[in-house]
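J.: Following is a predicted model, sequence given first.
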Amino acid sequence: MLHGVELRDGRAVSYRNRWVRTRAFVEDAKSIKADFTRDLTVGVANTHVIAHAGRILALVETSFPTEVTPALETIGCFDFEGRLTTGMTAHPKLCPRTGELHFFCYNYMAPFLTYHLADAGGRLVRSEVIEVPGPTMIHDFAITDRHVVFMDLPIVFDLERAMAGTMPYRWSDDYGARLGVMPRGGGNAQVRWFEIAPCYVFHPFNAYEDAQGALVMDVVRYPELWRGSSAAAAPATLHRWRIDLSTGRVGEQGLDDRAIEFPRFDERRVGAPYRYGYAVYTEHGIDRGTGTALIKYDLRTGASATHDFGPGRIPAEPVFVPASPGAAEDEGWLLTYVYDAGREGSDLVILDAANVTGKPVATIALPQRVPFGFHGSWIPDTA
Ligand SMILES: [Fe+2]
């Protein structure tokens, strides 16, 4: 289900929710075919919603995107005019310089990983198989001005679990962990792989090349995930990888001890140096629910600030919206849905990103609760 609040001329004009009317929803169609391959036209479209090249796409990483209207009505599967031959990650990266959309899909059958590029007009112009040793779960990735970064981490497909109908991925002590760095415009042959300490990352903040030419990537890192049970998750924290591309040396550094998830930043800086990140404070780890606060990080100074919404008020992912196209980084707002357990309801809360500890700029009481979900986007009229 998608939830949308329309903001116009300083007012909340409407709230609406709509089921994404996928084949899974309408026909109860099954995503796995008799030959164990995926039917890419069947998916739950429950993870993210983005806008690119005049289309709004609801995403889940196993399937084709589902196109919806600005009023959240379902148009149907979008397969890039038949060019897309895999599913689409829920975390494509829109390059703010070129307007290109970089994305990928992982699969339990070979090819395990395929990279795709759509141009600014929304036309799929490249698809490239990336060779990895096995079928791992790859939820997200990163781009920089010069590179694409893949995370091949030890959450591996487990056929026995799949046959049993449970979460078909688990932690592996044998698989190892590596980052693949591919020059933008390059292919599988140009990917350089860098070993890192085993861990799992659902979501990076951002990645960029620093002044020394090293590739820096900030992530929300789980030291271990899904060992034994698919509910097990050690708390995830802000962590920095720094890959010296000339020596091949990878530096790893924890930047904070607090458990977080759902990292976001000013997406006009995708792939470029940035200063501020925002995330949900999960307090005891994501497997025990989430806390009542958002954390803002100043990644230049190491400082942080917190907005606590108060007892029983639980925020979702904070989406940064710049005050204007030319506004400075951090000059804008954070939008988040806040669940209020006291009244079994939800608010859309808007914070001043430059002053997150201050009172909200606006609290918009919604006519019904928004269930806990994953990701969202601010979609201006011009998108
Ligand atoms: Fe995600």
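T.: Nice, I can see it. Residues are numbered from 1 along each chain as shown.

J.: count of residues packed around the closest residue to residue 111 other than its chain neighbours?
T.: Distances taken as CB to CB, 6 or more residues apart in numbering put residue 129 closest to residue 111, at 4.3 Å, once the chain neighbours are dropped. Glycine gets a C-beta too; all of them are placed from N, C-alpha and C. If you count neighbours by other CB atoms under 10 Å, residue 129 ends up with 14.

J.: Residues in a beta bridge with residue 129, which ones?
T.: On the basis of DSSP bridges, residue 129 is bridged to residue 114.

J.: how much space is there between it and residue 116?
T.: When CB to CB, to the nearest Å is the yardstick, residue 129 and residue 116 sit 11 Å from each other.

J.: likewise residue 165?
T.: Relative to residue 116, residue 165 is positioned 30 Å away (CB to CB).

J.: Neighbour count: these two, which is higher?
T.: Taking other CB under 10 Å, residue 165 and residue 116 do not tie; residue 116 has more neighbours (22 against 7).

J.: and the more buried one, what is it in contact with?
T.: 84, 86, 88, 102-105, 124, 126-128 (CB atoms under 8 Å, 6 or more residues apart in numbering).

J.: now do residue 231
T.: residue 287.

J.: got it, and residue 38?
T.: 31-32, 62-63, 87, 107.

J.: Any chance of the residues you listed in a markdown table with neighbour count, pLDDT and distance to residue 80 as columns?
T.: Supplementary listing: those in a markdown table, determined by neighbours: other CB atoms under 10 Å; pLDDT from 0 to 100; distance: CB to CB, whole Å:
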| residue | neighbour count | pLDDT | distance to residue 80 |
| --- | --- | --- | --- |
| 31 | 19 | 92 | 19 |
| 32 | 13 | 91 | 23 |
| 62 | 23 | 96 | 17 |
| 63 | 26 | 97 | 13 |
| 87 | 23 | 98 | 12 |
| 107 | 18 | 97 | 17 |
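
J.: In helices only, show me those.
T.: Judged by DSSP state H, helices contain none of those.

J.: For the closest residue to residue 40 other than its chain neighbours, the count of nearby residues, please.
T.: In space, and not counting its chain neighbours, residue 40 is closest to residue 64: 4.9 Å by CB to CB, 6+ apart. Other residues within reach of residue 64 by the criterion other CB under 10 Å amount to 26.

J.: Residue 64 against residue 39, yeah?
T.: No. In terms of CB atoms under 8 Å, residue 64 does not count as a neighbour of residue 39; the distance is 9.7 Å.

J.: Identify the residues contacting the most centrally placed residue in the chain.
T.: The geometric centre of the chain, computed from its C-alpha atoms, lies nearest to residue 91 (CA atoms, centre = their mean), at 4.4 Å. Contact criterion CB under 8 Å, 6+ apart gives 48, 103, 139-141, 203, 375 as the residues in contact with residue 91.

J.: repeat for residue 140
T.: Under the criterion of CB under 8 Å, 6+ apart, the contact list for residue 140 reads 89-91, 151, 201-204.

J.: Can you tell me which of these end up in strands?
T.: Among the contacts of residue 140, the subset assigned to strands under DSSP state E consists of 151, 201-204.

J.: Relative to residue 249, which of those is nearest.
T.: Nearest to residue 249, judged by CB to CB, of the ones in strands among the contacts of residue 140 is residue 151 at 18.2 Å.

J.: following the lowest-mean-pLDDT helix or strand in the chain, which helix or strand shows up next?
T.: In the chain, the helix or strand scored least confidently by mean pLDDT, DSSP states H and E is helix 159-163, which has a mean of 87. The helix or strand immediately downstream of helix 159-163 is strand 169-171, counting by DSSP states H and E.

J.: Buried residues, the following helix or strand past that following strand. List them.
T.: Of the helices and strands lying after strand 169-171 in sequence (DSSP H and E), the nearest is strand 178-183. The neighbour-count criterion (16 or more other CB atoms under 10 Å) identifies 178-182 as the buried residues of strand 178-183.

J.: separation between residue 21 and residue 62?
T.: As judged by CB to CB, residue 21 and residue 62 stand 17 Å apart.

J.: swap that for residue 265, please
T.: Between residue 265 and residue 62 the computed distance is 26 Å (CB to CB).

J.: Kindly reformat the contacts of residue 38 as JSON lines containing distance to residue 196.
T.: Supplementary listing: these in JSON lines, determined by distance: CB to CB, whole Å:
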{"residue": "31", "distance to residue 196": "32"}
{"residue": "32", "distance to residue 196": "32"}
{"residue": "62", "distance to residue 196": "26"}
{"residue": "63", "distance to residue 196": "29"}
{"residue": "87", "distance to residue 196": "26"}
{"residue": "107", "distance to residue 196": "23"}
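
J.: which among these gets closest to residue 258?
T.: Distance ranking of the contacts of residue 38 against residue 258, using CB to CB, places residue 62 first at 31.4 Å.

J.: Check whether that closest one really touches residue 87, as I assumed.
T.: Yes. The pair residue 62 and residue 87 qualifies as a contact (CB under 8 Å) at a distance of 5.0 Å.

J.: so what sits against both of these two?
T.: Common neighbours of residue 62 and residue 87 (criterion: CB under 8 Å, 6+ apart): 38, 40, 43.

J.: now the first one: how far from residue 31?
T.: The one in question is residue 38. Remark: distance between residue 38 and residue 31 (CB to CB) = 6 Å.

J.: Identify the contacts common to those two.
T.: Going by CB under 8 Å, 6+ apart, residues that sit against residue 38 and also against residue 31 are 62-63.

J.: And the pLDDT at the residue nearest to the centre of the chain?
T.: As predicted, residue 91 sits at a pLDDT of 98.

J.: For it, give its distance to residue 289.
T.: Distance from residue 91 to residue 289, counting by CB to CB: 23 Å.

J.: Over to residue 8?
T.: Here residue 8 is placed at a distance of 34 Å from residue 289 (CB to CB).

J.: Now do the contacts for the residue nearest to residue 329 when sequence neighbours are not counted.
T.: Once flanking residues are discounted, residue 329 sits nearest to residue 266: 4.9 Å by CB to CB, 6+ apart. When contacts are counted by CB under 8 Å, 6+ apart, residue 266 touches 274, 276, 320, 322, 329-330, 332.
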